[in-house]
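Colleague: Quick one, what's the 3D model for this:
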Amino acid sequence: MSQSHVLDLLLNQFAHWRQHQMELQQSNLTTSYHTIVAWVLCFIAASASSAGGLGGGSLYLLILNIFAGLSLKKATSFTAFMVTGGSLSSVLYILFLMNPSHKGESLVNFEIALLSQPCMLLGVSVGVVCNVMFPEWLITVLFTVFLACSTYKTCKAGFKCWKAESEVVRDGMDRSEGGEKGVHEPLLGGEGGSRLRVPWKDLVVLVMVWVCFFMLHVFIGDKHGKGLVRIKPCGVAYWLITLSQIPFAIAFTAYIIYVNKNPQSQNDQQANDKTIVGRNKKKPVPVFVFPLAALLTGVMSGLFGIGGGLLLNPALLQIGVPPQTAAATSTFMVLFSSSMSMVQYIILGMKGIDEALIYAMICFVASVVGLAIVERAIQMSGRVSLIIFIVSAVMAFSTVTQTCFGAVDVWRQYATGDYMAFKLPC
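Modeller: Have a look, this model is predicted:
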């Protein structure tokens, strides 16, 4: 039996199994064991993703598509609800329940979020257009290479952070006889009676950015022209509204840079008062690095069809943002992008909202559980590098699973003789 015949046989068996799963989902047995298994797996995925500051969209999509038997289109819409629910609970926990890192300050870096959000939303739009134009095989190859490199670099950074933390722990033990508390308190501890200060002005600006981009997307509608206003897909009005996102992103970013001047200056001053491993060793990062990194992250997110957290968190870690701050800030930004997708699905007449809300509530609870467990683990071990290793593990698993399923789809297209070259955006 030839190798190609064996592969065709495996693909056919997998297709039959997938079809059987979908038939079970469409039956009246909505609470079958397949659904219960999907709920349990989603709970585990949400816990791990929230702990690493990731949205978890790639994991949810895989679980819903394989175990719950949902179609890819329906699973994608459900994923938007689940990511929104998980990121919402994570943000609330980080802002109001988690021990403040220092003197009432939040782990979320609102300056980075302000600088990054407009360009990230612009990048998502660019990535979606590229997703339409690029062939499936190219997207799969780019996804594999990009995530594999990111996983390797993130894991490497985790080992460096672990080594640095080990040195700090040894130094803390040497100084413990002098009455010092070592590394545990500076990492997460703070004054128990300190009160969190939420920068409401920054939140208002972020909401304004969200509303502007949301209205543009609502006017554009989906690829079939379905939206609040009937606009011909790829017509003059369509492209004018689409291209208007560029000046919006530039204007918002320029305003934020002008107002904040150098958002890293305050963080560098705070770093002198903290002993977070490696942070006071970093040189100040230029302001323009954050918008560029967010733009690249958004493009990749839209191109690969996955949540921004899986790409944004590693980007922040590579820039030099501390693990806890990177995880919290990434979660905060994912809330804005995922909620935009969720509201769009509702406006465009999504079906199965009740069922999607059940999955969202599961992720809402699981995210808090995951954050609480990791916070406790960091307090006991004194190692924030645990967050980096969680990110690496989720990225590695997502890389393998998404690449395998992408390869299956590419092979199926090749075997059936489908068009596999570049396409026009319309």
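Colleague: so residue 106 touches residue 93, yeah?
Modeller: No. Taking contacts as CB atoms under 8 Å, residue 106 lies outside contact range of residue 93: 11.4 Å. Quick note: C-beta positions are derived from backbone N, CA and C, even for glycine.
Colleague: Averaged over its residues, which helix or strand of the protein has the lowest pLDDT?
Modeller: Ranked by mean pLDDT, DSSP states H and E, the helix or strand of the chain with the weakest confidence is helix 184-188, at a mean of 35.
Colleague: on that earlier part again, hey, what's in contact with both of residue 106 and residue 93?
Modeller: Common neighbours of residue 106 and residue 93, counting by CB atoms under 8 Å, 6 or more residues apart in numbering, are absent.
Colleague: just checking, residue 389 touches residue 155?
Modeller: Yes. Applying CB under 8 Å, one finds residue 389 in contact with residue 155, separated by 7.4 Å.
Colleague: Okay, buried residues for the helix or strand where residue 149 lies please.
Modeller: Per DSSP states H and E, residue 149 falls inside helix 136-175. Using 16 or more other CB atoms under 10 Å as the test for burial, helix 136-175 gives 136-141, 143-144, 146-147, 150-151, 154-155, 157-158, 161-162, 165, 168-169, 172.
Colleague: from the middle of its chain, how far away would it be?
Modeller: Helix 136-175 has its average C-alpha position 17 Å from the chain's average C-alpha position, going by CA atoms, centre = their mean, to the nearest Å.
Colleague: Ok, stretch 63-81 next?
Modeller: Put simply, stretch 63-81 sits 17 Å off its chain's centre (CA atoms, centre = their mean).
Colleague: For that stretch, what does the pLDDT average out to?
Modeller: Averaged across stretch 63-81, the pLDDT comes to 80.
Colleague: Please apply the same query to stretch 231-239.
Modeller: Stretch 231-239 carries an average pLDDT of 77.
Colleague: What's the end-to-end length of it?
Modeller: 10 Å (CA to CA, to the nearest Å).
Colleague: What residues of that stretch count as buried?
Modeller: Residues 231, 238 are the ones in stretch 231-239 that count as buried (16+ other CB under 10 Å).
Colleague: same thing with stretch 312-326?
Modeller: Buried residues in stretch 312-326 (16+ other CB under 10 Å): 312-317, 320-326.
Colleague: how many other residues sit next to residue 215?
Modeller: Applying other CB atoms under 10 Å, we find 12 residues neighbouring residue 215.
Colleague: next one: the one 3 residues further on
Modeller: Neighbouring residues of residue 218 were enumerated by other CB under 10 Å; the total is 17.
Colleague: where does it land on pLDDT?
Modeller: The per-residue pLDDT of residue 218 was computed as 76.
Colleague: What's the first helix or strand after the helix or strand encompassing it?
Modeller: If you go by DSSP H and E, residue 218 is part of helix 200-220. Using DSSP H and E, the next helix or strand after helix 200-220 towards the C-terminus is helix 236-243.
Colleague: packing partners for the next helix or strand after that next one?
Modeller: Heading C-terminal from helix 236-243, the first helix or strand you meet, by DSSP H and E, is helix 245-260. Judged by 3 or more CB pairs under 8 Å, 6 or more residues apart in numbering; DSSP states H and E, helix 245-260 is in contact with helix 110-133, helix 200-220.
Colleague: Tell me the helices and strands packed up against the last one.
Modeller: The one in question is helix 200-220. helix 110-133, helix 236-243, helix 245-260, helix 323-347.
Colleague: Pipe these into TSV and attach distance to residue 62 per row.
Modeller: TSV is the format used below for the helices and strands packed on helix 200-220 (distance: least, CB to CB, whole Å):
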stretch	distance to residue 62
helix 110-133	18
helix 236-243	30
helix 245-260	30
helix 323-347	17
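Colleague: and of those, who's closest to residue 51?
Modeller: helix 323-347 (7.7 Å; CB to CB).
Colleague: Also compute the angle for that closest one relative to helix 110-133, please.
Modeller: 50 degrees (axes from the mean of the first three to the mean of the last three CA atoms, to 10 degrees).
Colleague: Quick one: name whatever helix or strand follows helix 323-347.
Modeller: Remark: after helix 323-347, the chain's next helix or strand is helix 353-381, criterion DSSP H and E.
Colleague: Nearest spatial neighbour of residue 125, chain-adjacent residues omitted?
Modeller: Nearest residue to residue 125, sequence neighbours excluded (CB to CB, 6 or more residues apart in numbering): residue 245, at 5.6 Å.
Colleague: before we move on, what about residue 313?
Modeller: Of all residues not flanking residue 313 in the chain, residue 330 sits nearest, at 4.2 Å (CB to CB, 6+ apart).
Colleague: just residue 115 next, same as before
Modeller: Among residues not flanking residue 115 along the chain, residue 290 sits closest, at 4.3 Å (CB to CB, 6+ apart).
Colleague: Hmm, residue 116 and the one you found touching each other?
Modeller: Yes. Counting by CB under 8 Å, residue 290 touches residue 116, with 5.1 Å between them.
Colleague: What helix or strand is the residue nearest to residue 115 located in?
Modeller: Going by DSSP H and E, residue 290 is part of helix 289-304.
Colleague: that older thread, and the residue nearest to residue 313, how many neighbours does it have?
Modeller: Using other CB under 10 Å, residue 330 has 34 neighbouring residues.
Colleague: Next: residue 211.
Modeller: For residue 211, the neighbour count with other CB under 10 Å is 11.
Colleague: pLDDT wise, what is it at?
Modeller: pLDDT for residue 211: 89.
Colleague: May I ask which helix or strand encompasses residue 404?
Modeller: Residue 404 belongs to helix 385-416 when assigned by DSSP H and E.
Colleague: okay, the angle between that helix and helix 289-304?
Modeller: Interaxial angle of helix 385-416 relative to helix 289-304 (the same axes, to 10 degrees): 40 degrees.
Colleague: For helix 385-416, name the packing helices and strands.
Modeller: helix 3-26, helix 33-51, helix 57-66, helix 136-175, helix 309-319, helix 323-347, helix 353-381.
Colleague: go with 10 Å
Modeller: With contacts defined as 3 or more CB pairs under 10 Å, 6 or more residues apart in numbering; DSSP states H and E, helix 385-416 has these neighbours: helix 3-26, helix 33-51, helix 57-66, helix 136-175, helix 289-304, helix 309-319, helix 323-347, helix 353-381.
Colleague: Would you mind writing the CA trace of the fifth one as CSV?
Modeller: What that stands for is helix 289-304. Output of helix 289-304 as CSV, limited to C-alpha atoms (Å, rounded to 0.1, in the frame of the first residue of the first chain):
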residue,chain,number,x,y,z
VAL,A,289,8.4,49.9,19.6
PHE,A,290,5.1,49.2,21.2
PRO,A,291,2.9,50.4,18.3
LEU,A,292,5.0,48.5,15.8
ALA,A,293,5.0,45.3,17.8
ALA,A,294,1.2,45.7,18.2
LEU,A,295,0.7,46.2,14.5
LEU,A,296,2.7,43.1,13.7
THR,A,297,0.8,41.1,16.3
GLY,A,298,-2.5,42.3,14.9
VAL,A,299,-1.5,41.4,11.3
MET,A,300,-0.5,37.9,12.4
SER,A,301,-3.6,37.5,14.5
GLY,A,302,-5.9,38.4,11.6
LEU,A,303,-3.9,36.3,9.1
PHE,A,304,-3.9,33.2,11.2
